[in-house]
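J.: Using only what follows, build the 3D model:
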Amino acid sequence: MRRKKRYAIFRSVPENLPPDAEFLFQNERGYVFRMDPKTAEQIRKKADLISGSISKVKRYRLSTTRKSRINPT
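T.: A predicted model of the protein is given here:
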């Protein structure tokens, strides 16, 4: 069985990062780390986004865009 993991985006590298967190890459939103679910819950307030899917992290967009707030009539 595969090990469960979470991907987290931070605007800057956290100072007290847990030892099991692994740096993956940096994109326009920030730094992306991979960690286990328990660690992700501990640092949830510091992260911009936490997801179980790497594709959601790579294609991260804000859901409150202007386009979604305008009602087309």
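
J.: dump the residue contacts of R2.
T.: If a contact means CB atoms under 8 Å, 6 or more residues apart in numbering, then R2 has no contacts. (Each C-beta comes from the backbone N, C-alpha and C, glycine too.)

J.: Just the mean pLDDT for the one helix or strand K56 maps to, thanks.
T.: Using DSSP states H and E, K56 sits within helix 54-58. Averaging pLDDT along helix 54-58 gives 82.

J.: Only the buried residues of it, if you could.
T.: Along helix 54-58, these residues count as buried under the neighbour rule (16 or more other CB atoms under 10 Å): V57.

J.: cool, and stretch 35-51?
T.: For stretch 35-51, by 16+ other CB under 10 Å, it's 35, 39-40, 43, 47, 50-51.

J.: Can you tell me which of those end up in helices?
T.: Within the buried residues of stretch 35-51, residues falling in helices by DSSP state H are 39-40.

J.: Output the buried residues of stretch 35-51 as TSV; include the columns distance to R11 and pLDDT.
T.: What follows is the buried residues of stretch 35-51, written out as TSV (distance: CB to CB, whole Å; pLDDT from 0 to 100):
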residue	distance to R11	pLDDT
M35	17	91
T39	18	87
A40	17	88
I43	13	87
A47	9	87
I50	14	89
S51	16	88
